[in-house]
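Chemist: Pasted the sequence and its predicted model underneath.
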Amino acid sequence: MYRIAIVEDDPKSVEKLKGYLTRFGNESGLELRHRVFKDGLAFISDYAADYDVVLMDIEMPNLDGMQTARRLRWVDENVCLIFVTNLAKYALEGYEVRAMDFLVKPVEYQNFCLKLRRALDYRDRTRERELILTLPGAVHRIRLDELYYVEVMDHTLVYHTASGDYSERGSIKERETQLSQYGFARCNNSFLVNLRYVTSMSGSEITLRQTRIPIGRTKKKEFVQRLTEYMGDSVL
């Protein structure tokens with residue numbers, strides 16, 4: 001199943017996009033669920049990072065598409081964004097908010113299919129390599145290749161990433177079960193590390209992006225085995 005957000009103030013355009021989604025889903029055998037927002041403010045005020053694709057008009061009241069997209073990227077860096085607009089001149093500005101593509105009105109069905117298929121293929125490639133974090137007042141999506149390590153402190157998980165640190169309530173054991181298949185391993189009871197960022201190991205300590213983290217006595221044998229398998233025997 002894929003979740004699609006339609007952010008559009010023109011009722012006729014909304015009906016056309018809804019019809020295209022229904023037709024595309026029937027022809028491709030895919031389940032597409034959509035939700036319509038009448039303007040950018042309604043969309044971003046109620047945003048949850050569980051959409052696969054956002055179809056967004058640019059000219060809207062209250063908050064236009066470009067302003068909305070900038071706010072969207074504060075909370076969700078990776079959702080597929082496709083602008084639907086009369087104004088092709090905004091194409092260059094779209095790169096600033098990492099828009100995947102543009103559909104120029106009046107939207108033709110074949111062009112719609114081509115660009116939606118591309119967006120869904122991208123989501124298929126990246127869906128399992130992301131985490132969705134529930135933060136105070138927001139939901140945030142992070143890519144696993146940008147996650148350095150997870151640290152637990154008093155039942156709070158701290159995610160140390162390329163874009164900063166994020167905290168949420170949770171279980172590090174559950175995250176370990178979820179992420180072990182993607183090259184993450186526990187080096188002690190408090191740290192789950194991304195093995196790709198481990199630069200060295202000395203005694204009972206690893207170095208991960210200039211951060212030194214101890215290896216727990218009970219975790220050492222399993223961790224060294226995981227690290228050896230990941231990096232290759234010649235590294236250690």
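Modeler: Structure's in. What do you need?
Chemist: Go through the strand or helix carrying R175 and flag the buried ones.
Modeler: R175 is part of helix 172-179, with elements assigned from DSSP states H and E. In terms of neighbour count (16 or more other C-beta atoms under 10 Å), helix 172-179 has its buried residues at I172, R175, L179. Using the backbone N, CA and C atoms, a C-beta is placed for each residue, glycine as well.
Chemist: any low-confidence regions in this protein?
Modeler: Scanning the chain with the threshold set as pLDDT under 70 gives 87-93, 128, 232-236.
Chemist: That one: helices as residue ranges?
Modeler: Taking DSSP state H to define them, one finds helices in the chain at 11-28, 40-45, 65-75, 91-96, 109-126, 172-179, 220-231.
Chemist: what's the last one in contact with?
Modeler: Contacts of helix 220-231 with the rest of the structure, by C-beta atoms under 8 Å, 6 or more residues apart in numbering, involve 183, 185-187, 195-196, 198, 201, 204, 206, 215, 235-236.
Chemist: repeat that for 7 Å
Modeler: With contacts defined as C-beta atoms under 7 Å, 6 or more residues apart in numbering, helix 220-231 is touched by G183, A185, R186, C187, L195, V198, M201, S204, I215, L236.
Chemist: Check the first one too.
Modeler: The contact list for helix 11-28 (C-beta under 7 Å, 6+ apart) reads 4, 6, 8, 31-32, 34, 36, 55, 57, 84, 105, 107, 109, 112-113, 116.
Chemist: Out of those, grab the one that's most surrounded.
Modeler: L55 (28 neighbours; other C-beta atoms under 10 Å).
Chemist: residues in contact with that one?
Modeler: I4, A5, I6, V7, L17, I82, V84.
Chemist: From those, pick the one nearest D101.
Modeler: The closest of the contacts of L55 to D101 turns out to be I82 (C-beta to C-beta; 5.0 Å).
Chemist: and the gap between that closest one and L179?
Modeler: From I82 across to L179, the span is 30 Å (C-beta to C-beta, to the nearest Å).
Chemist: do the same with Y148
Modeler: 12 Å.
Chemist: so can I have a markdown table of the contacts of L55 showing distance to M231?
Modeler: Converted to a markdown table, these look like this (distance: C-beta to C-beta, whole Å):
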| residue | distance to M231 |
| --- | --- |
| I4 | 41 |
| A5 | 41 |
| I6 | 46 |
| V7 | 45 |
| L17 | 48 |
| I82 | 39 |
| V84 | 46 |
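Chemist: before we move on, the earlier item: tell me what the helix holding R175 is packed against?
Modeler: For helix 172-179, the packing partners by 3 or more C-beta pairs under 7 Å, 6 or more residues apart in numbering; DSSP states H and E come out as strand 147-153, strand 191-194.
Chemist: repeat that with 6 Å
Modeler: strand 191-194 (3 or more C-beta pairs under 6 Å, 6 or more residues apart in numbering; DSSP states H and E).
Chemist: And the strand it packs on, what does it pack against?
Modeler: strand 147-153, helix 172-179, strand 184-188.
Chemist: What pairs with that strand, parallel or antiparallel?
Modeler: strand 147-153 (antiparallel), strand 184-188 (antiparallel) (DSSP bridges).
Chemist: Having no further points to raise, I will conclude here.
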